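The sequence isn't on hand, but the structure is:
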């Protein structure tokens with residue numbers, strides 16, 4: 001059974017930092033491109049950051065460039081998102097997604113989400 005389990009969310013003041021973790025079970029993690037998405041209340045889900053299978057390429061939303069850093073540990077099947085200098089606009093539920101690098105007939109897998117709340 002495939003599971004993506006996020007953790008690390010919480011409440012933080014503007015300017016603070018958090019590190020999100022996404023642990024994968026039931027997939028060969030190194031075969032999957034991994035991404036972080038977020039969804040704020042009343043808004044659609046948006047891509048925050050993405051990293052391909054062996055970290056040879058990363059992508060960031062313009063709104064988080066220079067503040068967020070995505071990384072992965074293929075030996076531990078874990079994806080990370082280090083978030084710094086958080087703003088009110090970063091408040092959202094954050095989700096990780098796994099997409100197979102080559103076999104696009106496989107489904108995407110999503111975690112259950114972790115809430116990040118930035119408030120003063």
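Done, it's in. In this text the structure is predicted, and so the values were computed from the model without any measurement.

Next, name the residue at the spatial heart of the protein.
residue 36 (2.5 Å; Cα atoms, centre = their mean).

where's the closest residue in space to that one that isn't next to it in sequence, which helix or strand?
Spatially, and ignoring its direct neighbours in sequence, residue 36 is nearest to residue 48 (4.4 Å; Cβ to Cβ, 6 or more residues apart in numbering). C-beta here means a position set from N, CA and C on the backbone, and glycine is covered the same way. Here residue 48, judged by DSSP states H and E, is contained in strand 45-51.

now what about that strand, what contacts it?
33-39, 57-61, 64, 68-72, 79, 81, 94-95 (Cβ atoms under 8 Å, 6 or more residues apart in numbering).

Derive a PyMOL selection command for the buried subset of those residues.
If you want just the buried ones from the contacts of strand 45-51 in PyMOL, going by 16 or more other Cβ atoms under 10 Å, the selection is:
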select buried, resi 33+34+35+36+37+38+60+64+68+70+72+79+81+94+95
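
Restricted to helices, list the contacts of strand 45-51.
Among the contacts of strand 45-51, no member falls in helices (DSSP state H).

what bridges to the residue nearest to the centre of the chain?
In this structure, residue 36 bridges to residue 49, residue 96 when assessed by DSSP bridges.

what sits against it?
So residue 36 contacts 20, 22, 47-50, 70, 79, 81, 94-97 (Cβ under 8 Å, 6+ apart).

thinking again about what came up before, report the buried residues of the strand holding residue 48.
So, applying 16+ other Cβ under 10 Å, buried residues of strand 45-51: 48-51.

next one: stretch 7-23
8-9, 12, 18, 20-23.

distance between the ends of it?
End-to-end span of stretch 7-23 (Cα to Cα, to the nearest Å): 8 Å.
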